[in-house]
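J.: Structure for this input, please:
(2 chains)
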2 protein chains.
Amino acid sequence: MGLIVHKYGGTSVGTIERIMKVADRIIQYKEAGHDMVVVVSAMGKSTDVLVDMAKQISPYPSEREMDMLLATGEQVSIALLAMALHQKGYDAISLTGWQAGVTTESIHGKARITHIETERIRRELARGRVVIVAGFQGVSEAGEITTLGRGGSDTSAVALAASLNADKCEIFTDVAGVYTADPRVVPTASKLDSISYDEMLELANLGAGVLHPRSVEAAKTHKVRLVVRSSFTTEEGTYVEEGAHMETGRVVSGVAHDEDVAKVTVVGMPARVGTLSRLFNTLADHQVNVDIIIQSSYDAAVTNISFTVAGSDLKKTLDTLNAHREQLGFEKVECEEGLSKVSIVGAGMVNNPGVAAEMFRVLAEQEITIKMVSTSDIKVSCVIPAEHTERAVRCLHTAYGLDVAETAVVHGV
Amino acid sequence: MGLIVHKYGGTSVGTIERIMKVADRIIQYKEAGHDMVVVVSAMGKSTDVLVDMAKQISPYPSEREMDMLLATGEQVSIALLAMALHQKGYDAISLTGWQAGVTTESIHGKARITHIETERIRRELARGRVVIVAGFQGVSEAGEITTLGRGGSDTSAVALAASLNADKCEIFTDVAGVYTADPRVVPTASKLDSISYDEMLELANLGAGVLHPRSVEAAKTHKVRLVVRSSFTTEEGTYVEEGAHMETGRVVSGVAHDEDVAKVTVVGMPARVGTLSRLFNTLADHQVNVDIIIQSSYDAAVTNISFTVAGSDLKKTLDTLNAHREQLGFEKVECEEGLSKVSIVGAGMVNNPGVAAEMFRVLAEQEITIKMVSTSDIKVSCVIPAEHTERAVRCLHTAYGLDVAETAVVHGV
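T.: Predicted coordinates:
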């Protein structure tokens, strides 16, 4: 009994049959006495179809008009899901982003939610209705339709759960939860029963792909209990919540990897105040996301700066650097493609100083060269040649005791 | 120089190529110095696809949710057309019904526009932008998305032209204008240069199909100069305006026909005050549109009432009557299918008493039985067996001097 927010992704509402199944699941919760707010994405590949039409017209369509176009995808899903609930005899109402009071910044294509006017939603809930809200979209103060960018529907769901003070926010997706590693790479990977926000955040940022980091950050900030679970089975998913399983003594919760990494080295930058700031602001202005950064000085006046970017961003990165070579004052740029990043994540790491050393030992034993290292309190990442990724992930998964037989002992509930 | 409203139907924006062509035409007007407001419908068959999805879920989907669903169709077109104008170097902005201030009654599926808050549109025009408005849709005072029903986009365009005091409203469609008869039936039919609102209204109601009667009514009420023309050629269309061509002495402007007519006779109704009112209110409550009505009494206490309905509404009509037989107190219902209605329309008729007689003479000469007759100041309609429709239309077209060679004389401009 309470208020629960559900979120169903594009695959979960990809066909009329699946929409009917989603309706059935919502009805189970409704029958159990819960108030239900349901966030849905656009059906399957419908967003791709819309993007493709826009690209036929213009290589760089206006972001405002893209938002106008793409927002129709979720509007279709919410209407159909409301009809499905009606057809099954339940009262339901669909609301677009603007009708649901989802207010965002006046930015197109990647707006952040500023606040949610929940009055309309609460009124519909009070009437006993299932409230179905279009994910991924909102409205600016000026009355423009905005979209939230990647991971937008997850973020919509978490923001609604926070604003409505919901008991939990369940994210239904095409995987059964958060795993100790990608099961396609590590057959012995197991589903985690629970994970902390910080661990999930590291995993999300590391490309585990189940949840977008923005939604996890929002959940952490507003203490929203998240559950990630399959929309196709009734299997229990993974809880994402504060201090999850601190007591189990689990040191490493998972091994993540990202196979699209390139390393860029800017050689011979003048070692002055503001050098780093100028460099990385220039890249940010050109929409380049930089990940690991290492600075090494070889004399007092000159410094080398290495960083990683997504392999798909390499060309843009090099173009940007070369176009700003004079202002930035560096000597030359070197780069290396075909790299990957392998990471271990675990909240228990903070009290176990040998964890990183163990990682280096395992990789050395496998004769895998480590190109760069980055650490946080709960994560160690190593950049390695991409051809060794799978072997590295499997060996680390075993070394930290995450293979199924052992995990059953480590965090059996 | 001035403000012009354009409306492009679904066929005109049915593909990306056609959207680019529409953009070209708008640019011609813009370059000629006009302010442009453009109303567009959903692309081609996209509305049918949405309706089909809804029908897979429910035979009777909620009208509110249908409006939510269908409104996406126009939202896609407006975004794409704005992108096309941008791509060609022109400033443009798309507006949904609610953004354009199109306020309607709180009725779903067939709302009427109550007023238009034109402030946003005027602001965008003042910035030199082409303003592209989603046709067919609006928003109720309660903030619900509504649609205007059949002919909705034409009505949107006329209402915008009226509210903005536009110089004219051009309706671009897949035919070149209003014809003296359906050119598929009468090869000698010719395009009219102009026609009065009342004549157009009769033709629209009689199934000429070019414009929806609602939009013509709105144009007449607000004195909006309408032009109907082809979106595929540069040919001049037909002007619909007050007192058009009164001076030419044209008696009959066109011959219309409707091949889906059924006649229903309610036999033995009690001849009391309120009988007709009860009967037709009952039918209206069940969404049956009645056309021609004839009452004939065979004694002081009992009356027979005959009326026509669309053939496709016959089953619903009979079901409704039989379900209310006791309340209405009639004896039995008879019906006749396979009928059509052939009509002559012309503002000149009002001063020419022999026009109807001539029609009856032509049909008698062709040995076509007239089942029912209905007249107005500018129209005479005869219900006849449907198999004679085409012959009747052709003979009437010739008899009233509308065949091409002659019309060139009658209303040469």
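
J.: contacts and neighbour counts: CA atoms only from here.
T.: Noted.

J.: which parts of the stretch 101-250 of chain A sit against chain B?
T.: Counting by CA under 8 Å from any CA of the partner chain, the residues of the stretch 101-250 of chain A close to chain B are A:143, A:144.

J.: Okay, helices next: where are they in the stretch 101-250 of chain A?
T.: With DSSP state H, counting those that start in this stretch as the criterion, the stretch 101-250 of chain A has helices at A:119-126, A:152-163, A:197-205, A:213-221.

J.: Buried deepest among the ones you listed, which one?
T.: Of all the helices of the stretch 101-250 of chain A, helix A:152-163 has the most neighbours on average by mean count of other CA atoms under 10 Å in any protein chain shown, namely a mean of 26.

J.: same question for it, mean pLDDT?
T.: In this model, helix A:152-163 has a mean pLDDT of 96.

J.: Which strands or helices does it pack on?
T.: Counting contacts by 3 or more CA pairs under 8 Å, 6 or more residues apart in numbering or on different chains; DSSP states H and E, helix A:152-163 is packed against strand A:3-8, strand A:35-40, strand A:113-116, strand A:137-140, strand A:168-173, helix A:213-221.

J.: For the second one, C-alpha coordinates in CSV please.
T.: This points to strand A:35-40. Output of strand A:35-40 as CSV, limited to C-alpha atoms (Å, rounded to 0.1, in the frame of the first residue of the first chain):
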residue,chain,number,x,y,z
ASP,A,35,-1.5,4.2,-6.2
MET,A,36,0.3,4.0,-9.5
VAL,A,37,2.2,6.6,-11.6
VAL,A,38,3.6,5.1,-14.8
VAL,A,39,6.3,6.7,-17.0
VAL,A,40,6.7,5.3,-20.5
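
J.: what is the orientation angle of it with helix A:119-126?
T.: On the basis of axes from the mean of the first three to the mean of the last three CA atoms, to 10 degrees, strand A:35-40 is oriented at 130 degrees to helix A:119-126.

J.: now the angle from strand A:35-40 to helix A:152-163?
T.: Put simply, strand A:35-40 runs at 160 degrees to helix A:152-163, going by the same axes, to 10 degrees.

J.: List the buried residues of whichever helix or strand comes after strand A:35-40.
T.: Sequence-wise, the next helix or strand downstream of strand A:35-40 (DSSP states H and E) is helix A:46-57. For helix A:46-57, the neighbour count (16 or more other CA atoms under 10 Å in any protein chain shown) marks A:46, A:47, A:50, A:54, A:57 as buried.

J.: measure the residue nearest to residue A:219 when sequence neighbours are not counted to residue A:170 for me?
T.: Nearest residue to residue A:219, sequence neighbours excluded (CA to CA, 6 or more residues apart in numbering or on different chains): residue A:158, at 5.9 Å. Going from residue A:158 to residue A:170 by CA to CA, to the nearest Å gives 9 Å.

J.: between these two, what contacts are shared?
T.: Residues touching both residue A:158 and residue A:170 by CA atoms under 8 Å, 6 or more residues apart in numbering or on different chains: residue A:226.

J.: Any stretches of chain A with poor pLDDT?
T.: Applying pLDDT under 70 to chain A flags residues A:1, A:207-208, A:244-249, A:405-413.

J.: For it, which strand extends over the most residues?
T.: Of all segments of type strand in chain A, defined using DSSP state E, the longest is strand A:254-270.

J.: Out of the helices of the stretch 101-250 of chain A, which gets nearest to residue B:240?
T.: Among these, the nearest to residue B:240 by CA to CA is helix A:119-126 (44.6 Å).

J.: so what secondary structure elements neighbour that closest one?
T.: If you count contacts as 3+ CA pairs under 8 Å, 6+ apart, helix A:119-126 packs onto strand A:130-134.

J.: buried stuff in the strand it packs on?
T.: A:130, A:131, A:132, A:133, A:134.

J.: list the contacts for the residue nearest to the first one when sequence neighbours are not counted?
T.: If you skip the residues right next to it in sequence, residue A:130 has residue A:92 as its closest partner in space, 4.4 Å away by CA to CA, 6+ apart. For residue A:92, the contact set (CA under 8 Å, 6+ apart) comprises A:82, A:83, A:85, A:86, A:129, A:130, A:131, A:132.

J.: same check, this time on residue A:73
T.: A:41, A:42, A:43, A:46, A:47, B:72.

J.: Nearest to residue B:33 among the residues you listed?
T.: Using CA to CA, residue B:72 comes nearest to residue B:33 of the contacts of residue A:73, at 31.7 Å.

J.: which SS state does the closest one fall under?
T.: Here residue B:72 is helix, with the state taken from DSSP: H, G, I helix; E, B strand; the rest coil.

J.: wouldn't it be in contact with residue A:74 here?
T.: No. Residue B:72 lies out of contact with residue A:74 (CA atoms under 8 Å); the separation is 9.5 Å.

J.: Name the nearest residue to the residue nearest the centre of chain A, sequence neighbours excluded.
T.: Centroid-nearest residue in chain A: residue A:212, 1.5 Å away (criterion: CA atoms, centre = their mean). Of all residues not flanking residue A:212 in the chain, residue A:151 sits nearest, at 4.9 Å (CA to CA, 6+ apart).

J.: cool, and residue A:156?
T.: Nearest non-adjacent residue to residue A:156, counting by CA to CA, 6+ apart: residue A:135, 5.5 Å away.

J.: Let me see the contact set for the closest residue to residue A:379 other than its chain neighbours.
T.: Excluding the flanking residues, the one nearest residue A:379 by CA to CA, 6+ apart is residue A:345, at 4.4 Å. By CA under 8 Å, 6+ apart, residue A:345 lies in contact with A:199, A:202, A:203, A:252, A:253, A:254, A:255, A:256, A:378, A:379, A:380.

J.: What's opposite residue A:345 in the beta bridge?
T.: For residue A:345, the beta-bridge partners under DSSP bridges are residue A:254, residue A:379.

J.: Distance-wise, check it relative to residue A:240.
T.: In terms of CA to CA, residue A:345 sits 14 Å off from residue A:240.

J.: pretty sure residue A:337 belongs to a strand, no?
T.: Yes. Secondary structure of residue A:337 (three-state DSSP): part of a strand.

J.: Can you tell me the number of residues neighbouring it?
T.: 18 (other CA atoms under 10 Å in any protein chain shown).

J.: Go through the helices and strands packed on helix A:152-163 and pick out the most buried.
T.: Per residue and on average, the most neighbours among the helices and strands packed on helix A:152-163 fall to strand A:137-140, with a mean of 28 (mean count of other CA under 10 Å).

J.: Pairing partners for that strand, with directions?
T.: Using DSSP bridges, the strands paired with strand A:137-140 are strand A:102-104 (parallel), strand A:145-147 (antiparallel).

J.: export these to a markdown table and tack on distance to residue B:398?
T.: Output for those, formatted as a markdown table (distance: least, CA to CA, whole Å):
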| stretch | distance to residue B:398 |
| --- | --- |
| strand A:102-104 | 63 |
| strand A:145-147 | 56 |
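
J.: so of those strands, which one's packed in deepest?
T.: Greatest average neighbour count among the strands paired with strand A:137-140 goes to strand A:145-147 (a mean of 31), per mean count of other CA under 10 Å.

J.: mind checking how far it is from the chain centre?
T.: The chain centre lies 20 Å from the centre of strand A:145-147; the measure is CA atoms, centre = their mean, to the nearest Å.

J.: So the residue lying closest to residue A:179 once chain neighbours are set aside versus chain B, what's the distance?
T.: Once flanking residues are discounted, residue A:179 sits nearest to residue A:191: 4.2 Å by CA to CA, 6+ apart. For residue A:191, the distance to chain B equals 35 Å [CA to the nearest CA, to the nearest Å].

J.: swap in residue A:321?
T.: Using CA to the nearest CA, residue A:321 is found at 29 Å from chain B.

J.: Contact partners for that residue?
T.: Going by CA under 8 Å, 6+ apart, residue A:321 touches A:283, A:333.

J.: Which helix or strand contains it?
T.: Element membership for residue A:321, per DSSP H and E: helix A:314-323.

J.: quick one: buried residues of that helix?
T.: A:314, A:317, A:318, A:320, A:321.

J.: and the direction of it versus that of strand A:254-270, what angle?
T.: Counting by the same axes, to 10 degrees, helix A:314-323 points 20 degrees away from the direction of strand A:254-270.
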